[in-house]
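Asker: What follows is a predicted structure for the sequence shown.
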Amino acid sequence: MLRWILPIFAALFLITNTDADEDTTVFCLVSHQTSHGFGKHEYAAGCRLIGQWLTEAYPERTIETRYSIDWPTNPDAFFKDADSVVFFCSGKTRHVVNNHVPEFDKVMRTGAGLACLHYAVHVNIGPSAKGMLAWLGGYFEDNWSVNPHWIAGFDTFENHPTARGLKPFEVDDEWYFHMRFVGAEKGIIPVLSTAPPESTMARKDGPVSGNPTVRKAVAAGEPQHVAWAYQRAEDYNNGRGFGFTGLHYHWNFENDNFRKTVLNGVAWTAGLEIPETGIITEKPTRAFLESNIVKYGGEQDKNAPPKKKR
């Protein structure tokens, strides 16, 4: 009798596990701890909030969140079965994907999504930039893109899941623009776009402050995409990308539409259904955001002088 019962239990176990896997969405969030002092570039703390809010927004699913400060020590295990990867980290020579492009490209070819937030869209020309074009559809390029602090206003939105539920809003942030996108912006869907004011060109030309091409675009009033969605080609299993250039200031999560844009975009990269209202979460208080930084942002004192930018 036992020899007949055991196979039945084994089959039921496999069925149960398969169903559980189908009901699980895996987010892998890779960050640095922080870089600019209390309330700025709060990479690790921001990742924890995103994971918490997405878990709360999809109670009918199992949301598995994995966190790594710096590149994971066991990337095969960390990225296994990933539905989406989030990079929120310092960029350029410190970007977490540097020296890992070929192995991460394999993760992207499974169809896993990718969201890059703020400084994480900034990579140097070379392997990392080539990878970002394929995975994300665009990136911040020195001597082409710029990073001024300015109040950006958004009042029109594309008919796309990442923009669901958004209402006109404005936020003061370090909004990067004039991204280097894939040729003819193929597969790029604007999420947040606006025409930057002339004040964004107040600085002298430099690697991240200005250049003749971006000055001409701003003078002409050309809309700039500061957040975008990207649908990859078939060779990447139709995976999705989401670039968001804001989030220099942790406090901007207090803005309902700002917060919703980030969560809509990250959830979309994982293939989750975005409700018509967009992802709605409770507005965080300043005290809540500060406690989040204290818990996950490393040894920081909100009264200490800012760290040197890097």
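Answerer: Done, it's in. Numbering: from 1, shown residues only.
Asker: Met201 contacts Thr213, doesn't it?
Answerer: No - contact criterion CB atoms under 8 Å: Met201 and Thr213 do not qualify, at 11.6 Å. C-betas here are computed from N, CA, C, even on glycine.
Asker: neighbour-wise, which of those two wins?
Answerer: Between Met201 and Thr213, counting by other CB atoms under 10 Å, Met201 is the more crowded of the two (19 against 11).
Asker: ok, the more buried one - contacts?
Answerer: Applying CB atoms under 8 Å, 6 or more residues apart in numbering, one finds that Met201 lies in contact with Val146, Pro148, Gly210, Val214, Arg215, Val218.
Asker: These into a markdown table, with extra columns for pLDDT and secondary structure?
Answerer: Listed next are the contacts of Met201 as a markdown table, based on pLDDT from 0 to 100; DSSP: H, G, I helix; E, B strand; the rest coil:
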| residue | pLDDT | secondary structure |
| --- | --- | --- |
| Val146 | 98 | strand |
| Pro148 | 98 | coil |
| Gly210 | 98 | strand |
| Val214 | 98 | helix |
| Arg215 | 98 | helix |
| Val218 | 98 | helix |
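Asker: ok, of those residues, which one's closest to Glu282?
Answerer: Of all the contacts of Met201, Glu282 sits closest to Pro148, with 31.5 Å by CB to CB.
Asker: just checking, that closest one touches Asp172?
Answerer: No - assessed by CB under 8 Å, Pro148 is found out of contact with Asp172, at 11.1 Å.
Asker: out of the two, which sits in the busier spot?
Answerer: Counted by other CB under 10 Å, Pro148 and Asp172 do not tie: Pro148 has more neighbours, with 19 against 15.
Asker: Do a quick rundown of the helices in the protein.
Answerer: 2-22, 43-57, 75-78, 101-108, 127-135, 212-219, 256-269, 286-296 (DSSP state H).
Asker: so where's the stretch 51-200 of the chain shaky on pLDDT?
Answerer: Nowhere does the stretch 51-200 of the chain drop to pLDDT under 70.
Asker: re earlier: now tabulate the contacts of Met201 in CSV and tack on distance to Phe38.
Answerer: Below are the contacts of Met201 laid out as CSV (distance: CB to CB, whole Å):
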residue, distance to Phe38
Val146, 26
Pro148, 22
Gly210, 29
Val214, 31
Arg215, 34
Val218, 32
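Asker: Taking those together, which two end up most distant?
Answerer: For the contacts of Met201, the farthest-apart pair by CB to CB is Pro148 and Arg215; their separation is 12.0 Å.
Asker: Could you measure from Val262 over to Ser84?
Answerer: Distance from Val262 to Ser84, counting by CB to CB, to the nearest Å: 13 Å.
Asker: cool, and Thr245?
Answerer: Taking CB to CB, one finds Thr245 at 18 Å from Ser84.
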